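Asks: Sequence and computational prediction follow.
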Amino acid sequence: MAIEQLFEALPLHYVQHGISKFGAGNILLALFVIAAIGVLTDYAWMLYLRSKMPPGPLPLPIVGNTYQLPDNKPWIYFEELSKKYNTPLITYWIGRNPTVWINDAWAANELLDKRAGIYCSRPRMLVFAELGAGQNNLVNMITTTQAERDRFRVQRKLMHQGVGIQQVKRYRDFQNDESKVVAYDLLTSPEDYVEHFERYATSVVSIIGFGRRVGDPKDPIITEVIAVMHRAADLNVPGKTFPMLLETFPILAKVPTEYAPWKHGLGGKGKSHRGHDFFYSLAAEANENPGHEDCYAKMLFKEQPKYNLRPQEISALSGNLFGAGSDTSSSTLITAILAMRAFPETLIPAWEELDRVVGSDRSPSFEDEVNLPYMRALVKEVFRWRSVAIIGGQPHAPIQDDYYKGWLIPKSTWIQGNVWAIHRNEREFPDPDRFNPNRFIKDSPDARPFPGERGYMTFGWGRRVCSGQALAEQGTWLTVARLVWGFKIEPAVDGNGKPIPVDIFDYTNGLNMRPQPFKVSIKPRSEPIRQAIIREGEQALADLAQFEGVTKHRMSSFYKK
Ligand code: HEM
């Protein structure tokens, strides 16, 4: 920060005057000495902090450990480091910025859940926050001052009014209908399963938010928003290239975008609000449309005077439904298909249970959940096996200095929960890459103690735990149960009739990860089941007709402006 201010405050005429008085060589020498002292002092400070903080590799001056980072999936590397140092926490320096990586469920629970009041903030984030919606978006909100915490509470409350545990029960009918449409669509184009899942997830949040369903998998609201989410997820992986290096050299963010290739593709002054204008326009349009009085956008406009909501806040609150809810939920369903394809033996007990409790004439409903313990365990294992938010979403940050096992965790440090490492710890999940629902069956020899009642940390922690968790859990349960009930998930075959293998490690590199495209055969399990899927699908489409509608807004047109 001090460097930035100095840079900004250095008027040109001082420099010219200095050169004529002392000579360019002397000036350069003086600058070099000052810079060297600056770097050494800074490095001494880094080493001092390092001696107090959880262990990790030795950082270099200025660049820290940045250049030791692997090109891909750094969470695997951090898991290895944690094993190497034999500590649940490690410190890794991206430039001059230390990040504490939590690689163990019990440590994550102790710090982020039990000490939630301390670890409730986010750190200063340039790429994701300051060049975007900043404090207007709940996801980024720093909560170090009382005023910030008060605003955070308002935003969490408003999110809760939309997708809190009690609220999401109201959405079950149309969520169930949209899930029936997925099964119906899989009958005609099973090879497009990714599109069907994306349409389902987007449509559910679109009905909640804007009272409008999304019936066409090619609707730009799906393709454009998911593309933006993938780009954001890629940008936010800790890396040794720009834009992540901006986090450690914030001064570079001040350079005008036209002279700063490292900022291309990010927001910029005057342009960074385009995405927000888009979501605000969607919300305002929904607010003016007659009908669906209980949609989230209308609620926000109703509450606007009471909470003095800024347009950017309305935009972020409603946009988060898409941003946080559609890619995550659809990626989880893709993972479920991969798991079923790679571990077919896990479907046999599920089919036995579904056939006994539900039968072939209808698909499972929310009411069946209580009678389907194996299905419940299978869905929990989907959440555990390959969690979509693989580094726990955005970092947390403590609002004061804190200590864990004698190590210092300074105020505002980046704290990242390494869900990859947490969910692959042999102590809690023996043979962790095996998809094994028995881990979640009570008293099973494969079950192990795990902090918290759910048995996984897929949705984050403490006061920042995912606001949409209840919605995502109920929808994932229902849709996965329906897929298992309805379909045989088998190897696809190539031109020579040979089964096409799948790779359970072949995932994307984003902060929200999903399997790379893979081929699979999805066929109805029996004729009566096929008939039931058609019957229910057609009925669901008729029920959903009340939500048909089009928007005049396109995200791409906002970006072209
Ligand atoms: C499978 C689906 C989903 C997964 C795995 C997931 C996971 C996460 C994770 C890990 C976080 C960060 C938590 C933390 O910082 O400790 C998060 C935050 C958040 N999620 Fe989700 N999410 C999902 C679906 C949704 C949905 C459907 C919505 C909304 C409709 C949503 C809204 C949010 C919001 C608003 C936050 C920010 C909370 C805050 O910073 O206070 N998520 N989510």
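Replies: Received it, and whenever you're ready, just let me know what you need.
Asks: Get me the contact residues on the stretch 51-200 of the chain for the ligand.
Replies: Residues of the stretch 51-200 of the chain lying near the ligand by Cβ under 6 Å from any ligand atom: 138, 139, 156, 159, 163. C-beta here means a position set from N, CA and C on the backbone, and glycine is covered the same way.
Asks: show me what contacts the first one?
Replies: If a contact means Cβ atoms under 8 Å, 6 or more residues apart in numbering, then residue 138 has 152, 155, 156, 159, 316, 317, 320, 467 as its contacts.
Asks: how about the closest residue to the fifth one other than its chain neighbours, what does it touch?
Replies: What it means is residue 316. Distances taken as Cβ to Cβ, 6 or more residues apart in numbering put residue 137 closest to residue 316, at 3.8 Å, once the chain neighbours are dropped. Contact partners of residue 137, counting by Cβ under 8 Å, 6+ apart, are 129, 312, 316, 320.
Asks: Go through the helix or strand harbouring residue 197 and flag the buried ones.
Replies: Using DSSP states H and E, residue 197 falls within helix 193-210. By 16 or more other Cβ atoms under 10 Å, the buried positions in helix 193-210 come out as 193-210.
Asks: Report the mean confidence score over stretch 408-423.
Replies: In this model, stretch 408-423 has a mean pLDDT of 98.
Asks: brain fart, stretch 533-551
Replies: Mean predicted confidence for stretch 533-551 is 95.
Asks: And stretch 320-330, by the same measure?
Replies: Average pLDDT, stretch 320-330: 92.
Asks: go on, stretch 155-163?
Replies: 97.
Asks: any idea how far that stretch is from the chain center?
Replies: 18 Å (Cα atoms, centre = their mean, to the nearest Å).
Asks: Need the residues that contact that stretch.
Replies: With Cβ under 8 Å, 6+ apart as the test, stretch 155-163 has contacts from 138, 141, 167, 208-209, 296, 299-300, 303, 307, 309, 313, 317, 320-321, 325, 463, 467-468, 470-471.
Asks: Can I get the one helix or strand residue 415 maps to in CSV, CA atoms only?
Replies: Element membership of residue 415 [criterion: DSSP H and E] is strand 414-417. Output of strand 414-417 as CSV, limited to C-alpha atoms (Å, rounded to 0.1, in the frame of the first residue of the first chain):
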residue,chain,number,x,y,z
TRP,A,414,-5.8,-15.7,3.5
ILE,A,415,-7.2,-18.9,4.9
GLN,A,416,-8.1,-21.6,2.4
GLY,A,417,-9.8,-24.9,3.3
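Asks: Packing partners of the next helix or strand after it?
Replies: Using DSSP H and E, the helix or strand that directly follows strand 414-417 along the chain is helix 419-422. Here helix 419-422 touches helix 74-85, going by 3 or more Cβ pairs under 8 Å, 6 or more residues apart in numbering; DSSP states H and E.
Asks: Show me which residues of the helix it packs on are buried.
Replies: For helix 74-85, burial by neighbour count (16+ other Cβ under 10 Å) applies to 74, 75, 76, 77, 78, 79, 81, 82, 85.
Asks: okay, who's weakest in the contacts of residue 137 by pLDDT?
Replies: residue 129 (85).
Asks: Skip the chain neighbours and tell me the closest residue to residue 449.
Replies: That would be residue 428: by Cβ to Cβ, 6+ apart, it lies 7.4 Å from residue 449.
Asks: Then residue 280?
Replies: Sequence neighbours aside, residue 315 is the residue nearest to residue 280 in space, at 3.8 Å (criterion: Cβ to Cβ, 6+ apart).
Asks: and the one you found, what element?
Replies: Using DSSP H and E, residue 315 falls in helix 311-342.
Asks: Moving C-terminal from that helix, which element do we reach first?
Replies: Tracing the chain C-terminally past helix 311-342 and defining elements by DSSP H and E, one meets helix 347-357 next.
Asks: now what about that next one, what contacts it?
Replies: Contacts to helix 347-357, defined as Cβ under 8 Å, 6+ apart, come from residues 340, 364, 368, 371-375, 378, 437, 481, 484-485, 489, 525.
Asks: Drop anything exposed from these.
Replies: 340, 364, 368, 372, 374-375, 378, 437, 481, 484-485, 489, 525.
Asks: Among the contacts of helix 347-357, which ones are in strands?
Replies: Counted as lying in strands by DSSP state E, out of those, are residue 489.
Asks: Mind picking the two most distant members of the contacts of helix 347-357?
Replies: Using Cβ to Cβ, the pair of these lying farthest apart is 371 and 489, separated by 22.8 Å.
Asks: List phi and psi for the residue nearest to residue 316.
Replies: Note on residue 137: its backbone torsions stand at phi -110, psi 120 [degrees, to the nearest 10].
Asks: Pretty sure residue 52 sits against residue 407.
Replies: Yes: between residue 52 and residue 407 there is a contact at 6.9 Å, judged by Cβ atoms under 8 Å.
Asks: what does the domain assignment say about this structure?
Replies: 1-52, 66-277+323-559 (the TED database).
Asks: Next, the contact list for residue 180, please.
Replies: 363, 482, 533, 536, 537, 539, 540.
Asks: Ignore what I typed, I meant residue 101.
Replies: When contacts are counted by Cβ under 8 Å, 6+ apart, residue 101 touches 78, 81, 82, 89, 90, 91, 92, 416, 418, 421.
Asks: Residue 369 now?
Replies: 375, 376, 477, 481.
Asks: Write out the residues of this protein neighbouring the ligand.
Replies: Counting by Cβ under 6 Å from any ligand atom, the chain sits next to the ligand at 138-139, 156, 159, 163, 205, 320-321, 324-325, 328-329, 332, 388-389, 392-394, 396, 458-461, 464-468, 471-472.
Asks: Pull out the buried residues from the residues you listed.
Replies: Counted by 16+ other Cβ under 10 Å, these give 138-139, 156, 159, 163, 205, 320-321, 324-325, 328-329, 332, 388-389, 392-394, 396, 458-461, 464, 466-468, 471-472 as buried.
Asks: Residue 150 - that's part of a helix, no?
Replies: Yes: per DSSP: H, G, I helix; E, B strand; the rest coil, residue 150 lies within a helix segment.
Asks: ok, how many other residues are close to it?
Replies: By other Cβ atoms under 10 Å, the residues close to residue 150 number 10.
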